[in-house]
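**Student:** With the sequence up front, the predicted model follows.
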Amino acid sequence: MGILDFFTKDKKEKLDKGLFVTKQSFFSRLAKAVMGKATVDHEVLANLEELLISADVGVDTTMKIIESLKKRVEQQRKVDTSELNSILREEISALMIQSNTIGEKGDFSVPSDKKPYVIMVVGVNGVGKTTTIGKLAYQFKKSGKQVMLGAADTFRAAAVDQLTIWSERVGVPIVSQGMNADPASVAFDTLSSALTKNIDVVIVDTAGRLHNKVNLMSELGKIKKVMQKVIPDAPHEVVLVLDGSTGQNAIEQCRQFTAVTDVNALAITKLDGTARGGVVIGISDQFQVPVKYIGVGEKMEDLQPFNKHEFVDSLFSAE
């Protein structure tokens, strides 16, 4: 086994372990949904619909899956319940959006023609936003990139302090002006410094809570406008961080943030230890925004680039 195969195997094992609770919960319910049934009928479909909704897949996405299954039953006239596993794999994989900016080997790479590659991170307080930024910085640095952080969440002293701790822990520079500084000014200084120092990846934190959507949109818009004075096409990525363990709350947060800013990637945290991993499916389908990163543990290595095929395989594997 080559070293790349080892790391791929290790990543998959962490994903399997992280999704274990979701998988156990899902399959125990699936067994009950088809209990005593040899073929898929209206009762099985009704039970499956209830199962998917309770697994936080979401109503809209659930209905897409059920309608597709109904068509299969109508066309084939007979679908064995033993086939449900493989059918659900196909349906769920087809619904989920895959990021096209993940490296070919699923690694932490960035486009070579974007330097620095600027990532703006958004999300409410408490979802693991600062931790995700720290883990991203670690993974990019581990892959050989020069990384810089920007502490533009200046409304909470704790946010600046926490990001500073992460920068020290990972060993990457940070640009900070302290609490109550102008977030756009921090972003401007961060990108200016990154250009001067030949940085590969810039990750800019933003406020997790503002008074209302108008304030949020105004502040994020201002940050982006100021960034573009330094790098015209920045930010290249706007990552929304969501807590996967909150289920439908995560879907609602995604709805609110995608309505006020151009989110083009999602990071879903805290999938380990929760039975609500199905929320990844619903979010990816409903908002047509790719899930790019998932958190399946507390260690820095446990933030992974998301691969929908590996995710579905871990969710439906027999082991």
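**Tutor:** Now that the structure is in, tell me what you want to look at.

**Student:** Quick one: the strands in the stretch 151-300 of the chain, in order.
**Tutor:** 174-175, 201-205, 237-243, 265-269, 291-295 (DSSP state E, counting those that start in this stretch).

**Student:** can you redo those strands as a markdown table with mean pLDDT, distance to S25 and mean neighbour count?
**Tutor:** For glycine as for every other residue, the C-beta is placed from the backbone atoms N, C-alpha and C. Converted to a markdown table, the strands of the stretch 151-300 of the chain look like this (pLDDT from 0 to 100; distance: least, CB to CB, whole Å; neighbours: other CB atoms under 10 Å):
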| stretch | mean pLDDT | distance to S25 | mean neighbour count |
| --- | --- | --- | --- |
| strand 174-175 | 98 | 40 | 22 |
| strand 201-205 | 97 | 33 | 28 |
| strand 237-243 | 95 | 18 | 24 |
| strand 265-269 | 93 | 17 | 25 |
| strand 291-295 | 91 | 18 | 24 |
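
**Student:** where does this structure dip in pLDDT?
**Tutor:** The model of the chain has pLDDT under 70 over residues 1-9, 100-107, 209-214, 318-319.

**Student:** show me where it has helices.
**Tutor:** Listed from the start of the chain, the chain has helices (DSSP state H) covering 3-18, 20-33, 42-54, 59-76, 84-95, 129-142, 157-170, 183-196, 213-230, 248-260, 279-287, 308-316.

**Student:** Give the buried residues for stretch 16-31.
**Tutor:** Across stretch 16-31, burial judged by 16 or more other CB atoms under 10 Å covers 16, 18-23, 25-26, 29-30.

**Student:** Extract the CA atoms of it and return them as CSV.
**Tutor:** C-alpha atoms of stretch 16-31 as CSV (Å, rounded to 0.1, in the frame of the first residue of the first chain):
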residue,chain,number,x,y,z
ASP,A,16,-17.1,5.9,8.7
LYS,A,17,-16.6,6.5,12.4
GLY,A,18,-17.9,10.0,12.3
LEU,A,19,-21.2,8.9,10.6
PHE,A,20,-21.6,5.8,12.7
VAL,A,21,-24.4,7.1,14.9
THR,A,22,-26.4,8.5,11.9
LYS,A,23,-25.9,5.2,10.1
GLN,A,24,-27.0,3.1,13.0
SER,A,25,-30.1,5.2,13.6
PHE,A,26,-31.0,5.2,9.9
PHE,A,27,-30.7,1.5,9.3
SER,A,28,-32.5,0.5,12.5
ARG,A,29,-35.4,2.6,11.3
LEU,A,30,-35.1,1.4,7.7
ALA,A,31,-35.4,-2.2,9.0
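
**Student:** most neighbours per residue, which of the helices of the chain?
**Tutor:** Most buried of the helices of the chain, by mean neighbour count (mean count of other CB atoms under 10 Å): helix 279-287, with a mean of 24.

**Student:** Residues contacting it, please?
**Tutor:** By CB atoms under 8 Å, 6 or more residues apart in numbering, the residues outside helix 279-287 that reach it are 56-58, 60-62, 64, 92, 95-97, 242, 244, 247-248, 250-251, 254-255, 258, 263, 266, 268, 271, 289-291, 294, 306, 308, 311.
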